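J.: sequence plus predicted model, see below.
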Amino acid sequence: LVSKMKAHIEKNKVFTDPNLKLGDLADYLHISTSRLSQIFRLYMHVNYYDFINAYRLKEFKRLVDEGMDKQYTITALSEQCGFKRSNFFSTFRKSFGMTPVEYLKKMRE
């Protein structure tokens, strides 16, 4: 189930949908949300939001590597990756230990 879920997420980039819910992935896998939540907790040792946000952060970094930060604001890029503005900056800081602005500055050095 984990492999099937990851393949679906990566192939279809469903993480870019800011309204993606645990239930959406559970429906795709034909299992209950409680079962999927249990899989995240017991087998993947991560919660659903951290799992999806890791894909979103990876996509943000990919877009920056492609130079998209020169065409779009940080907020616009984060929204393209599926983040809602309210949680992007705190998620980024928590994961990388710096703000997105600091990250971009570091990348440009």
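T.: Nice, I can see it. All figures in this text were calculated on a predicted structure; none of them were measured in a lab.
J.: low-confidence ranges in the chain?
T.: In the predicted model of the chain, no residue satisfies pLDDT under 70.
J.: helices of that one, start to end?
T.: In the chain, the helices defined using DSSP state H lie at 2-12, 22-29, 33-39, 48-65, 74-80, 85-96, 100-108.
J.: let's have the ones you listed in TSV, adding mean neighbour count.
T.: Quick note: C-beta positions are derived from backbone N, CA and C, even for glycine. As requested, the helices of the chain are exported to TSV (neighbours: other C-beta atoms under 10 Å):
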stretch	mean neighbour count
helix 2-12	12
helix 22-29	16
helix 33-39	14
helix 48-65	17
helix 74-80	18
helix 85-96	15
helix 100-108	13
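J.: residues near Tyr43, how many?
T.: 10 (other C-beta atoms under 10 Å).
J.: wait, what's in contact with it?
T.: Val2 (C-beta atoms under 8 Å, 6 or more residues apart in numbering).
J.: swap in Ile39?
T.: Ile39 makes contact with Leu1, Val2, according to C-beta under 8 Å, 6+ apart.
J.: if I look at it, how far off is Ser32?
T.: Using C-beta to C-beta, to the nearest Å, one gets 11 Å for the distance from Ile39 to Ser32.
J.: repeat for Lys84
T.: Counting by C-beta to C-beta, the gap from Lys84 to Ser32 is 26 Å.
J.: need phi/psi at the closest residue to Arg56 other than its chain neighbours.
T.: Using C-beta to C-beta, 6 or more residues apart in numbering and skipping the chain neighbours, the partner closest in space to Arg56 is Cys81 (4.4 Å). Main-chain torsions, Cys81, degrees, to the nearest 10: phi -90, psi -10.
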